[in-house]
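**Student:** dropping a prediction and its sequence here:
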Amino acid sequence: MTSASKLTGPAAALSAGRGPVRVCVLGYGSIGAVVAERLRRGDVPGAELAGIVNRSPVADLPAPALGLAEALDIADVVVECASQEAVWEVAQQVVDAGRDLLVSSVGALSDPAFAQRIAGHGPGRVVCTHGAVGGLDLLAAARDAAPFDRVLVRSTKSPESLVQPWMDTAQRQRIGGTATRLQVFAGSSAEAARLFPKSLNVAAAVSFAVSDWESVSVELYADPHAELTCHEIEASGPIGRYSIKIENLPSADNPRTSAVVPYSILRTLAHLTGHPNLIA
C-alpha cells in the first residue's frame, strides 16, 4: 500500500511477493454481478473474490454477503459497482482502513473538496477505472504538454436512460416521448455529473484525463433510434487536435450504463494484481 491515498488510473501492483489480492465487490447490480462472477471464475490472475457488499439481500451470491466493516477486515481492494452515492458514503472508510477503492462511478469525484479530502487520506488509494471510454492516455499526455483550448464530450443515449428523478412531469414527458434526437443538456462536465450521475461517467473520466472539470463541455442527447450508446470526444490544443468516437451496446439490465463497463473494471483490477495482459 502507498503511504497516502491517490486519485489515479491503473496503479502499482499490490500482489508482488504475496498471495492473491482479496477483492470485495460493492454493489451487485448489472455491473457488480458480472465483475463478481468473473472473479469467482478466476478470470483475473492474482485476484480472488472474498465477498460482496450489497444494500439488499440477494440469493445465490458467488461469495459471502458482508457488511462494509467485515469487508474491510479481509479485503485488499473494494471494487465499487454501485453509484456515486456509494462512493461518497464509503470512500473515507475504505482508504482510512488501508484498503484500495476501485471506483467505477467516477462522477462522484467531480466535487473538488470531496476528491481532495479522500486523496489526502490513507494509507489506502482511490483508483479510477476508464469505464466506457478509450483514448484517455493520449488526452492526458497532450494535456501534460499544454492545456487544451477546447474539450467537448457529446453523448447520445436512449431517452429512457436519461430521465432523472429531479425532472418535473413535463421534462420527463418531453424526453421520454421524443420521436427525434433531442438535446437534453449542455454545460460543464461537473454540472453534467451532478445532474446525470448514472449516465455521464465518461465525461468525468475525460475531465480527470485533462485535469479540468469546468472547461470540459458536455452535450447530452436522447435518441429514440439509438441502438448503441455513442460518446464523441473532441479536443484541441497547442500540440494537436483529437477526435475519438466510441459506440457501446448498453447493458441489457441497465440502459444507463454500457455493457463494456464491468470488463473495464476487471482490466483495471488486473493492473492492480500485476497481470494486465493475462486477463482471461
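**Tutor:** Structure's in. What do you need?
**Student:** look up phi and psi at the most centrally placed residue in the chain.
**Tutor:** For the chain, the residue sitting closest to the mean C-alpha position, by CA atoms, centre = their mean, is Ser104 at 2.4 Å. Dihedral pair for Ser104: phi -100, psi -30, per degrees, to the nearest 10.
**Student:** what does Pro20 give?
**Tutor:** phi -60, psi 150.
**Student:** helix/strand/coil for the residue nearest to it when sequence neighbours are not counted?
**Tutor:** Distances taken as CB to CB, 6 or more residues apart in numbering place Glu48 nearest to Pro20, at 4.3 Å, with adjacent residues excluded. Every residue, glycine included, has its C-beta placed from N, CA and C. Secondary structure, DSSP: H, G, I helix; E, B strand; the rest coil: Glu48 is strand.
**Student:** need the contact list for Glu48.
**Tutor:** Residues in contact with Glu48 (CB atoms under 8 Å, 6 or more residues apart in numbering) are 20-23, 39, 42.
**Student:** hey, what's it bridged with?
**Tutor:** When assigned by DSSP bridges, Glu48 has beta-bridge partners Arg22.
**Student:** now Glu89: how far from Ser243?
**Tutor:** 37 Å (CB to CB, to the nearest Å).
**Student:** looking at these two, which one has more neighbours?
**Tutor:** A count of neighbours by other CB atoms under 10 Å puts Glu89 above the other of Glu89 and Ser243, at 14 against 11.
**Student:** how deep is Arg194 tucked in, by neighbour count?
**Tutor:** Neighbours around Arg194, by other CB under 10 Å: 16.
**Student:** list the contacts for it?
**Tutor:** Arg194 touches 107, 110, counting by CB under 8 Å, 6+ apart.
**Student:** what helix or strand is it on?
**Tutor:** Under the criterion of DSSP states H and E, Arg194 resides in helix 189-195.
**Student:** which stretches of the stretch 101-250 of the chain form helices?
**Tutor:** For the stretch 101-250 of the chain, the helices defined by DSSP state H, counting those that start in this stretch occupy 112-119, 136-145, 169-176, 189-195, 201-210.
**Student:** so the closest residue to Phe148 other than its chain neighbours bridges to which residues?
**Tutor:** In space, and not counting its chain neighbours, Phe148 is closest to Gly237: 4.0 Å by CB to CB, 6+ apart. With DSSP bridges as the criterion, Gly237 is bridged to Gly240.
**Student:** cool, thanks, talk later.
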